[in-house]
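Engineer: sharing a sequence plus its predicted fold:
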Amino acid sequence: MSREIDYGNLMHTAMRGLIRTVLQDISDNGLPGNHHFFITFDTAHPDVELADWLSDRYPGEMTVVMQHWFDNLTVDEDGFAVTLNFGDSPEPLYIPYDAIRTFVDPSVEFGLRFESADEEADGYASAPEPEDEPEMAEEPQEPKKKDADVVSLDSFRK
């Protein structure tokens, strides 16, 4: 009987732990400097909680921006809850970490992309180039269908 180390799932677990740590720090201390996040998630995930009109408008995936205004950020072991403003309508969301597809902080050109088992990339994506960056709006926007550049961890080491 042979067994293998499942590096893909171990990396995804570690990456989700990084997101949890960052969001907990933001919850405790606020958003520092120019940091802001674009978070794309699967709206059809069974544990995602969002208003019906949002799930109807974004039946597959949705990108939210955490930048100028967000409220009630609560981080737990499995996901996070946050209230965001959608066209002057505050809406609470709950996003499990395993529903997240991308997490990008363009202020420092950092990004993570979670690949499904049949995709070939290793799960690390760079932040979008400035000309491809979505507008800084609190309203969710349809994500652009441009493939992100894949980079290794070595590019983040000094």
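Structural biologist: Okay, I see it. Please read these numbers as outputs of a predicted model, since none were measured by experiment.
Engineer: so residue 63 touches residue 43, yeah?
Structural biologist: No. Contact criterion Cβ atoms under 8 Å: residue 63 and residue 43 do not qualify, at 10.4 Å. For every residue, glycine as well, the C-beta is placed using N, CA and C.
Engineer: quick check: mean pLDDT across stretch 16-23?
Structural biologist: Stretch 16-23 comes out with an average pLDDT of 94.
Engineer: before we move on, what about stretch 26-43?
Structural biologist: The model assigns stretch 26-43 a mean pLDDT of 92.
Engineer: ditto for stretch 67-78
Structural biologist: pLDDT averaged over stretch 67-78 gives 92.
Engineer: all the strands of the chain, residue numbers only.
Structural biologist: 37-42, 61-66, 70-75, 79-85, 90-96, 100-105, 110-113 (DSSP state E).
Engineer: reformat the ones you listed as JSON lines; add mean neighbour count and distance to residue 23.
Structural biologist: Shown next, in JSON lines, are those (neighbours: other Cβ atoms under 10 Å; distance: least, Cβ to Cβ, whole Å):
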{"stretch": "strand 37-42", "mean neighbour count": "22", "distance to residue 23": "9"}
{"stretch": "strand 61-66", "mean neighbour count": "21", "distance to residue 23": "9"}
{"stretch": "strand 70-75", "mean neighbour count": "16", "distance to residue 23": "5"}
{"stretch": "strand 79-85", "mean neighbour count": "19", "distance to residue 23": "5"}
{"stretch": "strand 90-96", "mean neighbour count": "18", "distance to residue 23": "10"}
{"stretch": "strand 100-105", "mean neighbour count": "21", "distance to residue 23": "9"}
{"stretch": "strand 110-113", "mean neighbour count": "20", "distance to residue 23": "13"}
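Engineer: if anything else comes up later, I'll come back, but that's it for now.
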